[in-house]
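Peer 1: I'll drop the sequence and a predicted model, then ask my questions.
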Amino acid sequence: MVFFKKYQHLFKYPNTDILVKNILDQIQVDFLNNIDVFADDFDLSTIRSDYLTDFYRRLNKLTVQYVEFENKDLEFLIDVPLSVKKKHEIAYLAKEIEILAKDSNCETVVDFGSGLGYLDQQIFKTTGYNVLGLECNETHYVGAKKRQRKYHSDSIDHVKYVKHTVNEESYVNIDEYIEDKFVSCNSFCIAGLHACADLTIDAMNIFLKMEKARAILIMPCCYHRILEKTSCKFKNFPLSNALKDIYEKYNGSDYLTVPFLRLATQPPNACKEKMEDLVFNLLARAVLQLYSSEHNCQLKRNKRKAVRLKSIGNNFEEYIHDAISGYRLICNNTDNSKNSTILDTEQLSRIWREIPPLTFKKAAIFIFLQNVLQPVCENFILYDRLFYLQEKGIKKCKFKKIANENISPRCLALLAQK
């Protein structure tokens, strides 16, 4: 917490506010004019600077280490056109479920967020276990049942689907579903791929409450979407009593906010992309934010991808051209949400031209520092969950790297047994 408090400027605010909040002014690095931060062989940790020396000295004490992923060339058994990433995740998660379920004497798996049922069918084909897939999305639920009847008729007696939105009280429903679908089930394993937001916590609490739930294997993601009770305070973070005490002592609610959780969610090794591209994207978007702030407006997207970043070649004029149609400005001094205005091309270009070269270099350093911070932030969240389970009496629990992080950035899974 002391480390996070000292370096909170690296994650306290959304990256879009990097110019609005003058965040880069807090990165004190000497002799930047003589350093090429965009060189392919640039190594930030070798730069002599009091700021960086202290940062890396503290960071190295928090180094995250997991046993490296072991590639077993597992076969994806479902005939469906999925991405390499998705096939990889399903094959390796199913294998880990098989190992954990066998070790826990479970022959039934309850899949939280079963989607179109690909994982469920892989589990059945790999293990022969019964699988109960719970899915809240009507389209996915119907699609899974249709696919089963058309392509996996041999699994109909063993793989069952139920439309259900999982929450921490779902243990009552799950007990009824299992009793209805698999009469002789005395124990089961909870599983989940990409358990977004609070779903991992709900799954943990269900695991704790249900005697028949003997094991859990779930892959968390999207920490930044966990439910906020009030501004900057979350329902499920911190979770453990151990962290709650430290969180209060060091005023964690001031800086361990949504941007911190978003950084923890960010794919590791982001710096594999060209640094020039990352800096351009960061500062171009920050210019839009600065402009809207200066005009007392909020910037709203008109579509999911407001700017075609891959096709504009780091050209700010083209960026503005896309941004004019991709965003709208909503004035803060009116109650009428339709009272919007457009971005001014000349003013935006002026702001961009006035950015000093040193700011581009500091932006690169900011990205480097966030990149090395990411695994520490994520590990902080995950260990909070392990401490929570241990406080509840679960001694056999850990996080394990079960996928290749170069294929699937969200490669860590929670494994626990009673």
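Peer 2: The structure has been received and is ready for your questions. Numbers count the residues shown, from 1 in each chain.
Peer 1: drop to CA atoms for contacts and neighbour counts, all remaining ones
Peer 2: OK.
Peer 1: quick one, helices of the protein?
Peer 2: Using DSSP state H, the helices of the chain run over 2-6, 50-60, 84-103, 118-127, 138-151, 171-181, 199-209, 241-249, 258-265, 275-294, 316-326, 345-353, 357-391.
Peer 1: who touches the third one?
Peer 2: By that I understand helix 84-103. Under the contact criterion Cα atoms under 8 Å, 6 or more residues apart in numbering, helix 84-103 has outside partners 74-76, 107-109, 118-119, 122-123, 126-127, 188-189, 191, 193, 215, 217, 402-403, 407-408, 415.
Peer 1: mind doing that once more with 6 Å?
Peer 2: The set of residues external to helix 84-103 that reach it, using Cα atoms under 6 Å, 6 or more residues apart in numbering, is 76, 119, 123, 407-408.
Peer 1: now, among these, which is nearest to Phe3?
Peer 2: Ser408 (28.3 Å; Cα to Cα).
Peer 1: now the phi/psi pair for that closest one, please.
Peer 2: Per-residue torsions, Ser408: phi -130, psi 100 (degrees, to the nearest 10).
Peer 1: how far away is it from Gln121?
Peer 2: 21 Å (Cα to Cα, to the nearest Å).
Peer 1: those two: who's more crowded?
Peer 2: The residue with more neighbours, out of Ser408 and Gln121, is Gln121; 25 against 17, by other Cα atoms under 10 Å.
Peer 1: and the pLDDT at that one?
Peer 2: The model reports Gln121 with a pLDDT of 97.
Peer 1: where does this protein have low pLDDT?
Peer 2: The model of the chain has pLDDT under 70 over residues 232, 268-272, 334-341.
Peer 1: how long is stretch 186-205 from one end to the other?
Peer 2: 19 Å.
Peer 1: which residues belonging to stretch 198-214 are considered buried?
Peer 2: Neighbour-count burial for stretch 198-214 flags 198-208, 212-214 (criterion: 16 or more other Cα atoms under 10 Å).
Peer 1: any chance of those in TSV, plus distance to Met1?
Peer 2: Below are the buried residues of stretch 198-214 laid out as TSV (distance: Cα to Cα, whole Å):
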residue	distance to Met1
Asp198	23
Leu199	25
Thr200	23
Ile201	22
Asp202	26
Ala203	27
Met204	25
Asn205	26
Ile206	30
Phe207	29
Leu208	28
Lys212	37
Ala213	34
Arg214	34
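Peer 1: and Asp40, how many residues sit next to it?
Peer 2: Count around Asp40 with other Cα under 10 Å applied: 10.
Peer 1: look up how far Asn251 lies from it.
Peer 2: Here the criterion is Cα to Cα. By it, Asp40 lies 39 Å from Asn251.
Peer 1: now do Cys136
Peer 2: If you go by Cα to Cα, the gap between Cys136 and Asn251 works out to 37 Å.
Peer 1: more neighbours, these two?
Peer 2: Higher neighbour count among Cys136 and Asn251: Cys136, with 16 against 12, using other Cα under 10 Å.
Peer 1: for that one, grab phi and psi.
Peer 2: Residue torsions, per degrees, to the nearest 10, at Cys136 are phi -90, psi -20.
Peer 1: ok, it touching Val166?
Peer 2: No: counting by Cα atoms under 6 Å, Cys136 does not reach Val166; the two are 7.6 Å apart.
Peer 1: in the buried residues of stretch 198-214, find the pair that's most separated.
Peer 2: Going by Cα to Cα, the pair spanning those furthest: Asp198 and Lys212, at 22.1 Å.
Peer 1: list the residues that contact the residue lying closest to Ala306 once chain neighbours are set aside.
Peer 2: In space, and not counting its chain neighbours, Ala306 is closest to Gly326: 4.0 Å by Cα to Cα, 6 or more residues apart in numbering. Gly326 makes contact with 301-302, 306 under the criterion Cα under 6 Å, 6+ apart.
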